[in-house]
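Student: Predicted model and sequence below, questions to follow.
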Amino acid sequence: GAGVSQTPSNKVTEKGKYVELRCDPISGHTALYWYRQSLGQGPEFLIYFQGTGAADDSGLPNDRFFAVRPEGSVSTLKIQRTERGDSAVYLCASSLHGQGSYEQYFGPGTRLTVT
Amino acid sequence: GENVEQHPSTLSVQEGDSAVIKCTYSDSASNYFPWYKQELGKRPQLIIDIRSNVGEKKDQRIAVTLNKTAKHFSLHITETQPEDSAVYFCAASTETSGSRLTFGEGTQLTVNP
């Protein structure tokens, strides 16, 4: 079946602008995660959804970052007033369930560049 | 919170040799340990995982071992091939954290023909 998809694949924006990044999880997966990966580093956790609710948003770096998953499927990560330090690859992953140590499958990521 | 350390950061081997990558974790409650392979510009791909109720798991040329007492786990790749060249990440998670993954810093594996 189809894997996790993310759009856009690349996004270049100017400092101070607003951006939205979209994630389509694997059908039927109730858990959805956002991670951020900087060059040469491992992915860092941002936020976790179980169904429609954000079960853990402790990884969001500040209040410029927000994410939603209104119908329990597609999720959007929103970044306000972008800064150059936000430049990274934003990865989305989905899992059958959030509890019980189920495998997480990643999307191809969105490469965000803030100029 | 959980901290995962991974080493070496780079590893170069000859084709056919074995490669071992090691990780340590800090949270004794961690109970799930996946390994991901990431080729340049691509998504991380799950290659093998282990849960805390077992000590070793094998899948063809890949194996993972877990020592809960010492809080470390390792990835073993035998008969390495050039296509094994990639960055490998270990990770750890606990059920109480919603299975959020904490990743190591990665190991760049190069298999020379």
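Tutor: That came through fine.
Student: Enumerate the strands of chain A by residue range, in sequence order.
Tutor: All strands of chain A, identified by DSSP state E, fall at A:5-7, A:10-13, A:19-24, A:31-37, A:44-50, A:53-56, A:65-68, A:75-79, A:88-95, A:105-106, A:110-114.
Student: Over the first one, what's the mean pLDDT, rounded is fine.
Tutor: The predicted model gives strand A:5-7 an average pLDDT of 98.
Student: Pairing-wise in the sheet, spell out the partners of residue B:21.
Tutor: Listed by DSSP bridges, the beta-bridge partners for residue B:21 are residue B:75.
Student: JSON lines please, covering the strands of chain A and showing distance to residue B:109.
Tutor: No exception for glycine: its C-beta is placed from N, CA and C like everyone else's. Formatted as JSON lines, the strands of chain A follow (distance: least, Cβ to Cβ, whole Å):
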{"stretch": "strand A:5-7", "distance to residue B:109": "26"}
{"stretch": "strand A:10-13", "distance to residue B:109": "27"}
{"stretch": "strand A:19-24", "distance to residue B:109": "28"}
{"stretch": "strand A:31-37", "distance to residue B:109": "18"}
{"stretch": "strand A:44-50", "distance to residue B:109": "22"}
{"stretch": "strand A:53-56", "distance to residue B:109": "32"}
{"stretch": "strand A:65-68", "distance to residue B:109": "33"}
{"stretch": "strand A:75-79", "distance to residue B:109": "30"}
{"stretch": "strand A:88-95", "distance to residue B:109": "20"}
{"stretch": "strand A:105-106", "distance to residue B:109": "19"}
{"stretch": "strand A:110-114", "distance to residue B:109": "23"}
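Student: for those strands, which one sits closest to residue B:9?
Tutor: Closest to residue B:9 of those is strand A:31-37 (Cβ to Cβ; 15.9 Å).
Student: contacting residues for residue 76?
Tutor: Here I'm looking at chain A. By Cβ atoms under 8 Å, 6 or more residues apart in numbering or on different chains, the residues touching residue A:76 are A:20, A:21, A:22, A:23, A:67, A:68, A:69.
Student: not what I meant, chain B
Tutor: Residue B:76 makes contact with B:18, B:19, B:20, B:62, B:63, B:64, B:65, according to Cβ under 8 Å, 6+ apart.
Student: Are any of those residues buried, and if so which?
Tutor: B:19, B:62, B:63, B:64, B:65 (16 or more other Cβ atoms under 10 Å in any protein chain shown).
Student: these two touch, right, the last one and residue B:54?
Tutor: Spelled out, it's residue B:65. No - assessed by Cβ atoms under 8 Å, residue B:65 is found out of contact with residue B:54, at 9.6 Å.
Student: Which positions in stretch A:46-59 come out as buried?
Tutor: Using 16+ other Cβ under 10 Å as the test for burial, stretch A:46-59 gives A:46, A:47, A:48, A:49, A:50, A:54, A:55, A:56, A:59.
Student: quick one, phi psi at the closest residue to residue A:52 other than its chain neighbours?
Tutor: Nearest residue to residue A:52 in three dimensions, chain neighbours excluded: residue A:72, at 4.6 Å (Cβ to Cβ, 6 or more residues apart in numbering or on different chains). Residue A:72 adopts backbone torsions of phi 80, psi 10, taken as degrees, to the nearest 10.
Student: roughly how far apart are residue A:72 and chain B?
Tutor: 15 Å (Cβ to the nearest Cβ, to the nearest Å).
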